[in-house]
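Student: A structural model of the following input is requested.
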Amino acid sequence: MYVGALELDVLLGDVHSLKEKRSVVRPVVAELRKRFEVAVSEAGHLDLHRRSLIGVAAVAADSEHVRDVLAACERLVAGRPELELLSARTRLVGPEDD
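Tutor: The predicted structure follows:
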């Protein structure tokens, strides 16, 4: 079993409140969850209205599949015009990491 985690640090466009931030971030989180069947959450920068840290997790029997899914999630977020992807960090844990 392999577990992959992806942290996406994003800058939001024309957002002036936490309420507006939620209206931008929630659809992205929902799309990632639905399209890729991954666990997703806004996991950081909760008190900043123009930044968000989106956490994505995937589990599979094959490490390459986990990497592919997380890379596709990163591409989806990077392609959103209302977001600027500042950084992405991927971690993979597998059976050899005991």
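Student: Let me see the contact set for the closest residue in space to Gly94 that isn't next to it in sequence.
Tutor: Excluding the flanking residues, the one nearest Gly94 by CB to CB, 6 or more residues apart in numbering is Tyr2, at 4.5 Å. For the C-beta atoms, the positions are set from N, CA and C on the backbone; glycine is no exception. By CB atoms under 8 Å, 6 or more residues apart in numbering, the residues touching Tyr2 are 59-63, 65-66, 92-95.
Student: give me the beta-bridge partners of Tyr2?
Tutor: With beta bridges defined as DSSP bridges, Tyr2 has these partners: Ala60.
Student: so how far is Leu11 from it?
Tutor: When CB to CB, to the nearest Å is applied, the distance between Tyr2 and Leu11 equals 30 Å.
Student: Flag the shaky bits of the chain, pLDDT-wise.
Tutor: Across the chain, the ranges flagged by pLDDT under 70 are 98.
Student: tell me, which helix in it spans the most residues?
Tutor: The single longest helix within the chain, with elements called by DSSP state H, is helix 18-36.
Student: Could you identify the helix or strand that succeeds it?
Tutor: strand 39-44 (DSSP states H and E).
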